[in-house]
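A.B. asks: got a predicted structure here, sequence first:
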Amino acid sequence: MGSTSSCTPVIDLQNFPSQSDELIHACEQWGCFRIINHPIPTTLMSEMKSVVRSLLDLPPEIKRRNTEVIAGSGYVAPTKINPLYEGLGLYDVGSTEAVLEFCSQLDASPPQRETILRYSQAVHDLAMELGSKIAESMGLGRDLFKGWPCQFRINKYGFTPESVGSSGVQIHTDSGFLTILQDDENVGGLEVMDKKSGEFVSVGPMPGALLVNLGDIATVWSNGRFYNVKHRVQCKEAKTRLSIALFMLGPKEAAVEAPPQLVDTEHPRLYDPVVFEEYRKLRLSTGMRAGEALSLFSPSKN
Ligand SMILES: O=C(O)CCC(=O)C(=O)O
Ligand SMILES: [Fe+2]
C-alpha cells in the first residue's frame, strides 16, 4: 500500500490555552500530532540519541541482561518476523530506581547514566504535562492522569538495501493512553493511518519536534472521542533508524472509564471499565494489536 505525505497537526506547547481546541481536534481527528516548543532541550535530545546508539550497539550477551518486568518491557532481539528490529527498555520510567537498574544492567558509564536520567525524567514530566493539558482543554481537572505508569523503550531498525519496501514494525495501535516519540531526525519510515480515508500517511522527520500518538486507553477514557491511531514503520532507505519512546500506559490497578462529563444521552458510554494490565494481556493473547480488542469491552445491552 502506498502512502501520501504528512499533514500531521503541529501543536505549539508554549501557546496555551490558545492551542486547546487544536489539541483536542488533533486527538479526535488524527490521534497523533507533532509538538514544538516543548521543554526538552535539543542538546539533551541529541545526547540521548547517541547514548541510545551505543546501548543498542552493545554485545547481545549484555543486552540480554535487560530483562522484562512486564511482557516486552526488556530486551527484544531481532526475530524471524521482525528481523530488522531490536529494542531495549524499562517499565515504570517514573521510578528513579527502575531507571538506575536499567543503567546498571547495561553497564552505562556515569555520563551515559546522567543523560538517561535527565532525559527520562524530562520526557516523563512532559507526558504528565500533556495529560494535564488534554484534560484541561476538555474542561476537566489537571490531575486525572497523575501516577499512571510509563514504559520507556529505545528502538533500532537495521534497514538494509534488501529490506527497502518491507516493514520494520507491523501495523498496530499503542495500547496505553499516549506515546511520546523522539523519532529519527534523518531516517523516516513512520506512517500513520488517516482516520477518514484509511490511507497511510508518512510522518517525515522534523528535527527538534516530538511526536505524540494516542492509544487504545485514550479511546476508552474519552468515550470514543479520541482516535487510537494505527501506525507502522516502513523501511524507506538502507540506513539505521533509531527512535525513543515513552508510553504512558493506564493505572496499575484502577479501571479506566470515561469521566461522567463525557457521557450523556447523546454520547452513551461506549466501553465497560478497562483494567489496563488485563487489557494488555488480552491484546497479547488474542494477537489483536490494532485496537480490535476494544470491541470486547462494549457494554452489554440488557
Ligand atoms: O519507532 C517508531 O518510530 C515507532 C515505534 C512504535 O510505533 C512503537 O514502539 O509502538
Ligand atoms: Fe507504536
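C.D. replies: The structure has been received and is ready for your questions. Ligands and ions are numbered 1, 2, ... in the order given.
A.B. asks: in contact with the closest residue to ligand 1 within the stretch 1-150 of the chain, which residues are there?
C.D. replies: Ligand 1 sits closest to residue 87 of the stretch 1-150 of the chain, with a gap of 7.5 Å, by C-beta to the nearest ligand atom. For the C-beta atoms, the positions are set from N, CA and C on the backbone; glycine is no exception. Applying C-beta atoms under 8 Å, 6 or more residues apart in numbering, one finds that residue 87 lies in contact with 75, 76, 153, 154, 155, 156.
A.B. asks: out of those residues, who's near ligand 1?
C.D. replies: 153, 155 (C-beta under 6 Å from any ligand atom).
A.B. asks: just curious, which of the contacts of residue 87 is nearest to residue 23?
C.D. replies: Relative to residue 23, the closest of the contacts of residue 87 is residue 153; by C-beta to C-beta it sits at 24.6 Å.
A.B. asks: which SS class is that closest one?
C.D. replies: strand (DSSP: H, G, I helix; E, B strand; the rest coil).
A.B. asks: repeat that for residue 225.
C.D. replies: Classification of residue 225 by three-state DSSP places it in coil.
A.B. asks: was I right about residue 124 contacting residue 93?
C.D. replies: Yes. Between residue 124 and residue 93 there is a contact under C-beta atoms under 8 Å: 5.4 Å.
A.B. asks: which residues do the two both contact?
C.D. replies: 150, 246.
A.B. asks: one step back: any chance of the contacts of residue 87 in TSV, plus pLDDT, neighbour count and distance to residue 108?
C.D. replies: Listed next are those as TSV, based on pLDDT from 0 to 100; neighbours: other C-beta atoms under 10 Å; distance: C-beta to C-beta, whole Å:
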residue	pLDDT	neighbour count	distance to residue 108
75	98	21	14
76	96	18	19
153	98	21	16
154	98	23	12
155	97	23	18
156	97	22	16
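A.B. asks: need the three-state assignment for the residue of the stretch 1-150 of the chain closest to ligand 1.
C.D. replies: Secondary structure for residue 87, judged by three-state DSSP, is strand.
A.B. asks: what pairs with the residue positioned nearest the centre of the chain across the strands?
C.D. replies: Centroid check for the chain by C-alpha atoms, centre = their mean gives residue 179 as the closest residue, at 2.4 Å. Judged by DSSP bridges, the bridge partners of residue 179 are residue 213, residue 247.
A.B. asks: now do the same contact list for it.
C.D. replies: 212, 213, 214, 215, 245, 246, 247, 248.
A.B. asks: residue 124 and residue 93: who's more crowded?
C.D. replies: Between residue 124 and residue 93, counted using other C-beta atoms under 10 Å, the more crowded position is residue 93 (25 against 20).
A.B. asks: my read is the more buried one is in a strand, agree?
C.D. replies: No. Using three-state DSSP, the secondary structure at residue 93 is coil, not a strand.
A.B. asks: contact partners for the closest residue to it other than its chain neighbours?
C.D. replies: Residue nearest to residue 93 in three dimensions, not counting chain neighbours: residue 152, with 4.0 Å by C-beta to C-beta, 6 or more residues apart in numbering. Contacts of residue 152 were listed using C-beta under 8 Å, 6+ apart, and they are 89, 90, 93, 99, 102, 120, 123, 244, 245, 246, 247.
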